[in-house]
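**Student:** when you get a sec, could you give me coordinates for this:
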Amino acid sequence: MQTTIKKTIKLSGTGLHSGVSSNLVISPASAEYGIWFRRTDISDRDNLIPARYDAVSNTQLCTRISNSDDVEVSTIEHLMAALAGTGIHNAIIDVDGPEIPIMDGSSAPFVSAILKAGIQKLNSPIRVIRILQPVKVVVDDCEVSLSPSETLKMDFEIDFEDEAIGHQEKKLNMANGSFVRELSNCRTFVRRSDVDHLQSMGLALGGSLDNAIVVDKDVVLNPEGYRRSDECVGHKMLDALGDLYLAGAPILGEYKGKRAGHRATNLLLHTLFTQTNAWEMVQCPNHVSHDLPGADISWDDFVQ
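**Tutor:** Numbering: from 1, shown residues only. Next comes the predicted model:
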């Protein structure tokens, strides 16, 4: 069955790139509503934006969505990953600024809030996007693909010259809370050599060691170090899950990413939906619904 949250969630924080503080409210929504964002600080034009791949207007360092009235919300990927990973299909997300708060740089604060609020089942079946044929996109040195699979599986590889990151690869079957247990607390990361350049471009204005991992060649500058030895590739998988959820429904397929980011994953969805023989939308069979990312999760799955 489709789900929403049981209780309204209220959070606040600063945007990583804008440096602007904002308040976030996630409210329950009815079956078939989907995920929508609403800019409550805007009242002179349409302030509703669908959480959908074809509403993505910018993928530089984060995922930004906008509507036809140029109302936009950026850095939605960590929240979208939390919604996907906890199996929330319907919600309205109000924010009074241009960017979703970065919190600690991971999805963990959102997951924690969702689990505390509770998950409400709705009287409507889950529809899923089943991958029927392989689809692949190559962008510069990035590769992403989707291929048939009975459950959502992810296989991600990164390779950085900085020794503190290096080469990392991780594979996960996303069934039964794998996201909550193994990916949700993986934080965004940046190289120290890139920080000044980003800030000169008006980006990462709200960044700090409290909401991002900063590495300098072979050193992690955060006093606490990594939360996980593979935290960097884990965060890339977290981002990808959030970006994939912009398909509008859970995906049954195997996602592979090599040095991929927001742009490549969004292009992959655009490519997928232009190839009508590569996918189908179906009602999720009962035996498969228990293998969706957010199925049968509990607080005990959550690692802070």
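**Student:** so how far is residue 254 from residue 8?
**Tutor:** Residue 8 sits at a distance of 36 Å from residue 254 (criterion: CB to CB, to the nearest Å). C-beta: built from backbone N, CA, C; applies to glycine.
**Student:** equivalent analysis for residue 262, please.
**Tutor:** According to CB to CB, residue 262 stands 20 Å off from residue 254.
**Student:** circling back: between residue 8 and residue 254, who's got more neighbours?
**Tutor:** residue 254 (20 against 12; other CB atoms under 10 Å).
**Student:** list the contacts of the spatially most central residue of the chain.
**Tutor:** For the chain, the residue nearest the mean C-alpha position is residue 242 (2.0 Å; CA atoms, centre = their mean). Contacts were defined as CB atoms under 8 Å, 6 or more residues apart in numbering; by that measure residue 242 touches 63, 76-82, 84, 107.
**Student:** quick check, residue 301 in contact with residue 177.
**Tutor:** Yes - the criterion here is CB atoms under 8 Å, and residue 301 meets it with residue 177 at 4.0 Å.
**Student:** checking the residue nearest to the centre of the chain next. Helix, strand or coil?
**Tutor:** Assigned state for residue 242: helix (three-state reduction, DSSP: H, G, I helix; E, B strand; the rest coil).
**Student:** what of residue 238?
**Tutor:** helix.
**Student:** right, and the helix or strand after the lowest-mean-pLDDT helix or strand in the chain?
**Tutor:** Least confident element among the helices and strands of the chain, by mean pLDDT, DSSP states H and E: helix 192-200 (a mean of 73). Counting by DSSP states H and E, the next helix or strand C-terminal to helix 192-200 is strand 213-216.
**Student:** I'd like the next helix or strand past that following strand.
**Tutor:** strand 219-220.
**Student:** pLDDT on that next one, on average?
**Tutor:** Averaging pLDDT along strand 219-220 gives 94.
**Student:** how far off centre is it?
**Tutor:** Counting by CA atoms, centre = their mean, to the nearest Å, strand 219-220 is centred 25 Å from the centre of its parent chain.
**Student:** ok, residues contacting that strand?
**Tutor:** The list of residues contacting strand 219-220 from outside it, by CB under 8 Å, 6+ apart, reads 164, 213-214, 226.
**Student:** do the same with stretch 34-51
**Tutor:** 29, 55, 65-69, 71-73, 76, 80, 83, 88-98, 245-246, 248.
**Student:** please indicate which of these are buried?
**Tutor:** Buried by 16 or more other CB atoms under 10 Å: 29, 55, 65-67, 71-73, 76, 80, 83, 88-98, 245-246, 248, out of these.
**Student:** what about the residues you listed, which are in helices?
**Tutor:** 80, 83 (DSSP state H).
**Student:** quick one on the thing from earlier: can you redo the contacts of strand 219-220 as TSV with neighbour count?
**Tutor:** Formatted as TSV, the contacts of strand 219-220 follow (neighbours: other CB atoms under 10 Å):
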residue	neighbour count
164	20
213	25
214	18
226	18
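**Student:** now, the most widely separated pair of these?
**Tutor:** 214 and 226 (11.7 Å; CB to CB).
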